[in-house]
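**Student:** Build me a structure from this.
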Amino acid sequence: MTKTQQIRLARRPSGLPGDDTWSLTTEELPGPAEGQLLVKIDFISIDPAMRGWLRDQRSYVPPVGIGEVMRSLDIGTVVESAHPDFAVGDTVSGTFGVTEYTISDGSDVSKVDLTIAPGPTWLGTLGMPGMTAYFGLLEVGKLQAGDTVVVSAAAGAVGSVVGQIAKAKGAEVIGIAGGPEKTRLLTEELGFDAAVDYRNDNVAKRLRELAPQGIDVFFDNVGGDILDAALMNLRRGARVVLCGAISAYNAEQLPPGPSRYMSLLVFRASMTGFVVFDYADRYGEAVAQIAQWLAEGKLESREHVVEGGVARFGETLNMLFSGANNGKLVLAL
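**Tutor:** The predicted structure follows:
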């Protein structure tokens, strides 16, 4: 038997999740039966989408149920195996949940090669954020060399990769982020051409100044006023990629929709939402290309790793909504 601490959903939050949203439990797991493996979790991915999974409403995946272990994508190590495809010592990735150990039948579990990149990078640039950036920009945004690309939440897990891929593909890139440290990171370390500080700048005005001919691709992770500011500054034929709306994830009432949506008509533009899971059969293509860019120095991976046990999950998740993280947020156990 193996003891494991787990975080379970105790109640659905209204607004920002609080301590009463979660319960910390201890369970005993049996050894793996035939066709199963026991995985020790090493790293837990902390993602804005988690807030949406707490709502009891129809979405692209079912909500986490009350009393269930919180859903998460993890990197772990196989410590016992009765599965023919996995050996003790293998590093694996899967949706194991916020737990110290888990039993898996191997479904939707993949091996991870730590000689290519460390575990946190496989949850970030080579994981779902990297896949989201790659397919959202290239397939949904239909990026072309010479485009002017604007990215919101540009210092985050997805946005930072979007901007770097756009640069690697020959675009001019403007990032929107909060505070001078994050805007400095974008231009001085990640290669963005310019950055807008939404906390201190008039975003719409700065975008007009930085992109006088208009925006070809706007990759939006924020929604709200930032989305409206970008819609005011589109170029004819622009593509607006709806990836997320973190500004509204903790809203107790639905915020108003975009007020500048008629810009889509004026500029013959499109606004398209997507879910990265739709491209699951092509993840290998994206991983290979992103790994090549990493090796060539064309792309830099940024992870913000928080040390601690599963008990720190709640406070770590809330870092996303205060903008406290730079790059991909990961909880290390």
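**Student:** Touching, K298 and Q164? I think so.
**Tutor:** Yes - the pair K298 and Q164 passes the contact test of Cβ atoms under 8 Å, sitting 7.3 Å apart. Any C-beta I mention is one placed from the backbone N, CA and C, and that applies to glycine too.
**Student:** For A153, which non-adjacent residue is closest in space?
**Tutor:** Residue nearest to A153 in three dimensions, not counting chain neighbours: N221, with 3.8 Å by Cβ to Cβ, 6 or more residues apart in numbering.
**Student:** Kindly report the same for V276.
**Tutor:** V276 sits nearest to T132 (Cβ to Cβ, 6+ apart), 4.4 Å away.
**Student:** burial of that neighbour, as a residue count?
**Tutor:** 28 (other Cβ atoms under 10 Å).
**Student:** Shouldn't it be within a strand?
**Tutor:** No - remark: T132 does not belong to a strand; assigned using DSSP: H, G, I helix; E, B strand; the rest coil, it is helix.
**Student:** just to revisit the earlier point, state the number of residues packed around the residue nearest to A153.
**Tutor:** N221: 27 neighbours (other Cβ under 10 Å).
**Student:** what about the helices in the protein?
**Tutor:** 49-53, 119-123, 128-135, 157-168, 180-184, 203-210, 224-231, 263-266, 283-296, 313-322 (DSSP state H).
**Student:** tell me the contacts of the residue nearest to A153?
**Tutor:** Contacts for N221 (Cβ atoms under 8 Å, 6 or more residues apart in numbering) come out as P48, V151, S152, A153, G156, V158, G159, C243, G244, A245, I246.
**Student:** which other residues reach stretch 23-41?
**Tutor:** Contacts for stretch 23-41 (Cβ under 8 Å, 6+ apart): 1-10, 74-83, 86, 92, 94, 96, 99-106, 109, 310-311, 333.
**Student:** centroid residue for this protein?
**Tutor:** For the chain, the residue nearest the mean C-alpha position is P129 (4.2 Å; Cα atoms, centre = their mean).
**Student:** V173 versus the closest residue to that one other than its chain neighbours, what's the distance?
**Tutor:** Spatially, and ignoring its direct neighbours in sequence, P129 is nearest to A157 (3.8 Å; Cβ to Cβ, 6+ apart). A157 is 17 Å from V173, where distance means Cβ to Cβ, to the nearest Å.
**Student:** More neighbours: which of those two?
**Tutor:** Of the pair A157 and V173, A157 is the one with more neighbours under other Cβ under 10 Å, namely 32 against 27.
**Student:** quick one: that one and D19, what's the gap?
**Tutor:** 25 Å.
**Student:** Considering the contacts of N221, which possesses the most neighbours?
**Tutor:** Going by other Cβ under 10 Å, V151 tops these with 34 neighbours.
**Student:** wait, doesn't that residue sit right on A171?
**Tutor:** No - between V151 and A171 there is no contact under Cβ under 8 Å: 10.4 Å.
**Student:** ok, G136 - contacts?
**Tutor:** V158, V162, F219, V241, C243, F274, V276.
**Student:** rerun at 6 Å
**Tutor:** Contacts here follow Cβ atoms under 6 Å, 6 or more residues apart in numbering; on that basis G136 touches V241, C243, F274.
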